[in-house]
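Novice: Got a sequence here, can you model it:
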Amino acid sequence: MTTAFVVTRKFTLFTAMICGALSFAAHPVAAADAKIKYCTLGTITLGPFSQHVAELQKAKRYSAEEIDKLIADQKAGGPDFFSTQVVIKEEQSGSGDFDLNLFQGYMDPDTKFHRRMEWACTGDDYPVAYFVGFKVRDIRDGAIYVSRQKGNVNVVSLKTFDPNLDKHTAVKDFHDRSVLCQDIGAGCTKQIFYGRY
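Specialist: As a prediction, the model looks like this:
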């Protein structure tokens, strides 16, 4: 066997091993992403909470009790409450979209949304979940894993794994596995502005 052949054969084997390792390393990420149906991706800058309250009062669509409860929730939740949101939209509907956008602050005058992906979900993909201030990282073992990312927006379909919002799907921190929502269909910790429409 010539030296050139041995070197070429070793190089080919080495290349195959590297490619295989890279493929193996990339595979779990691809597998995780394949389970996530994104409706849209983007970034958002929300206006001040005080402006949001003024907009809700001006709209005259919500009772004083509903607005007072939101103010109390924001005080209990802390400074990141308004910019950290988990919102459920059960079905495709114009009035539901209006309420969601108004009450969560997406229609406020100083709110700026930059879409990185056109809306890709249809009525068959509902219910969907809006994650504001989070990046969805994985969905497995009855939980959605997210990492905190200020201003980030991920909207994902829940249809394939919790179509009736009755499976008590949790939302957990991707890094420390802490529970942010025990059941995404029912609510989240007080630090998160939760909505269901």
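Novice: what's the single longest strand in the protein?
Specialist: As assigned by DSSP state E, the longest strand anywhere in the chain is strand 143-157.
Novice: what is the rounded mean pLDDT of that strand?
Specialist: The average pLDDT within strand 143-157 is 98.
Novice: List the buried residues for the next helix or strand after it?
Specialist: Using DSSP states H and E, the helix or strand that follows strand 143-157 in sequence is strand 170-173. By neighbour count on 16 or more other CB atoms under 10 Å, the buried set for strand 170-173 is 170-172. Bear in mind the C-beta positions are built from the backbone N, C-alpha and C, glycine included.
Novice: Among the residues you listed, pick out the one closest to E66, please.
Specialist: Among the buried residues of strand 170-173, V171 lies closest to E66 (CB to CB), at 24.0 Å.
Novice: so what's the closest one up against?
Specialist: V171 makes contacts with 86, 143-146, 179-181, 184, 188, as judged by CB atoms under 8 Å, 6 or more residues apart in numbering.
Novice: The residues you listed into JSON lines, with extra columns for neighbour count and distance to V53?
Specialist: Below are the contacts of V171 laid out as JSON lines (neighbours: other CB atoms under 10 Å; distance: CB to CB, whole Å):
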{"residue": "V86", "neighbour count": "24", "distance to V53": "20"}
{"residue": "A143", "neighbour count": "19", "distance to V53": "33"}
{"residue": "I144", "neighbour count": "27", "distance to V53": "29"}
{"residue": "Y145", "neighbour count": "21", "distance to V53": "32"}
{"residue": "V146", "neighbour count": "24", "distance to V53": "27"}
{"residue": "V179", "neighbour count": "13", "distance to V53": "29"}
{"residue": "L180", "neighbour count": "23", "distance to V53": "24"}
{"residue": "C181", "neighbour count": "23", "distance to V53": "24"}
{"residue": "I184", "neighbour count": "24", "distance to V53": "26"}
{"residue": "C188", "neighbour count": "22", "distance to V53": "21"}
